[in-house]
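Student: Can you look at this prediction? I've put the sequence above it.
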Amino acid sequence: MTAHERQASDRLSFTNPRVQRLRRLLGRRSSRSEEGALVIEGPVMVAEAIAAGWAVEAQFTAPGVEPVTTGAATPVARLAPGVAERVSDLESPTGLFAVVARPSRDAAATLAAASFVVVADRIAEPGNLGTIIRSAEAAGADAVVVTPGTVDETNPKVVRASAGALFHVPVVPAGLADVAAAGLRVIATSSHRGVAHTAFDWSGRVAVVAGNEAAGVDPAEPAITDWVRIEHHGRAESLNVAMATTVLCFEVARDRPD
C-alpha cells in the first residue's frame with residue numbers, strides 16, 4: 001500500500017461512529033443537551049471559540065482543508081471525500097468542523113452579577129436569536145436569557161447568525177420571573193405601547209425583553225415593570241424582532257455610563 005493509499009484509508013467514512021456523532025450533534029437538540037457539546041463549522045467560528053476559551057474536543061477536516069492551529073492543541077480527524085458535504089447543512093460546506101464543550105453556567109449567579117441583560121422570550125427563528133445574541137454582545141450586555149419556548153441557542157443556524165458572539169456573552173435559560181427576582185427591571189418591547197425608547201430612563205440594572213415574532217411579549221406577564229416602543233414613521237406596523245432588539249441594545253449602551 002502506498003503512502004497515499006494509507007492516508008486515504010485512514011480518513012473517516014460517513015458511517016464512522018465519530019462522523020455519525022457529528023451528524024447527531026448538528027441535527028438534534030437532545031443530543032447537544034445530553035452531551036453538553038455542539039458542532040461549529042468554519043475556521044473563523046472555530047478560532048472565535050478557541051479565543052473565547054471554549055474547550056475544543058476535536059476538529060474534523062475534509063480533504064485539502066487545514067485545521068485551526070492557533071491556540072488549539074486538539075486532535076484532528078481527516079474526513080473521506082464527500083463526507084463533509086453529507087454532514088453539513090450548508091450549501092457550500094467549509095470542510096472544517098469542531099466539537100466543542102459548552103461551558104457550564106449558573107443562571108441565578110449570572111443574573112445576580114448582571115446590570116444589562118437581553119431576554120429572548122419565546123423567539124422561534126434561529127436567525128433572529130443569533131442576531132439578538134450578536135447585537136447584545138456588541139452593545140456590551142452582560143448576558144442573554146432564553147426563556148422556555150425559545151429556539152435552542154446551540155442550533156447551528158443560531159451559532160452562525162451570532163457570528164461568534166455566542167462564545168463571548170453568557171447565554172442562560174431562565175424565566176421572566178427569575179430575571180425579576182434577580183433585581184433587574186424587566187422592560188418589555190412593543191410596537192404600539194409604552195414610552196418611546198429614546199425618552200426612556202435606561203439607568204440602573206435593566207433587562208430588555210424581545211418577544212416572540214408573532215405574539216410579542218405577553219401583556220399580562222406580571223414580571224414586567226415597564227414597556228417601551230420604537231417610534232415608526234413609515235408604513236410598517238413593526239420591525240423585525242432582531243432589528244428592534246439591536247436598536248434598543250445600542251440605545252441602552254448609549255444611555256449608560258462607560
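Tutor: Thanks, I have it. Note that the coordinates shown come from a computational prediction; the quantities given were computed from them, not determined experimentally.
Student: pLDDT weak spots in the stretch 1-150 of the chain?
Tutor: Across the stretch 1-150 of the chain, the ranges flagged by pLDDT under 70 are 1-9, 72.
Student: make it 50
Tutor: Along the stretch 1-150 of the chain, segments meeting pLDDT under 50 span 1-6.
Student: Where do the strands of it begin and end?
Tutor: Counting by DSSP state E, counting those that start in this stretch, residue ranges of the strands within the stretch 1-150 of the chain are 37-41, 56-61, 76-78, 96-101, 116-120, 143-146.
Student: Can you give the distance of the fifth one from its chain's centre?
Tutor: Here the centre of mass of C-alpha atoms in strand 116-120, compared against the chain's by C-alpha atoms, centre = their mean, to the nearest Å, lies 13 Å away.
Student: That strand packs against which elements?
Tutor: In this structure, strand 116-120 makes packing contacts with helix 126-138, strand 143-146, helix 176-181, strand 206-210, helix 241-255, judged by 3 or more C-beta pairs under 8 Å, 6 or more residues apart in numbering; DSSP states H and E. Using the backbone N, CA and C atoms, a C-beta is placed for each residue, glycine as well.
Student: Could you export the ones you listed as a markdown table, including mean neighbour count?
Tutor: Shown next, in a markdown table, are the helices and strands packed on strand 116-120 (neighbours: other C-beta atoms under 10 Å):
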| stretch | mean neighbour count |
| --- | --- |
| helix 126-138 | 24 |
| strand 143-146 | 26 |
| helix 176-181 | 18 |
| strand 206-210 | 27 |
| helix 241-255 | 19 |
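Student: closest to residue 198 out of the strands of the stretch 1-150 of the chain?
Tutor: Between residue 198 and the strands of the stretch 1-150 of the chain, the tightest spacing by C-beta to C-beta is seen for strand 116-120, at 17.4 Å.
Student: before we move on, back to that, let me have the helices and strands packed on strand 116-120 in a markdown table, extended by distance to residue 98.
Tutor: Shown next, in a markdown table, are the helices and strands packed on strand 116-120 (distance: least, C-beta to C-beta, whole Å):
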| stretch | distance to residue 98 |
| --- | --- |
| helix 126-138 | 18 |
| strand 143-146 | 22 |
| helix 176-181 | 32 |
| strand 206-210 | 29 |
| helix 241-255 | 26 |
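Student: quick one, which of the ones you listed is nearest to residue 227?
Tutor: strand 206-210 (9.6 Å).
Student: and residue 227, which of the three is it?
Tutor: Classification of residue 227 using DSSP: H, G, I helix; E, B strand; the rest coil returns strand.
Student: Could you give the bridge partners of it?
Tutor: As for beta bridges, residue 227 partners with residue 188 under DSSP bridges.
Student: in terms of contact, does it touch residue 185 like I think?
Tutor: No. Residue 227 is beyond contact range of residue 185, at 11.5 Å (criterion: C-beta atoms under 8 Å).
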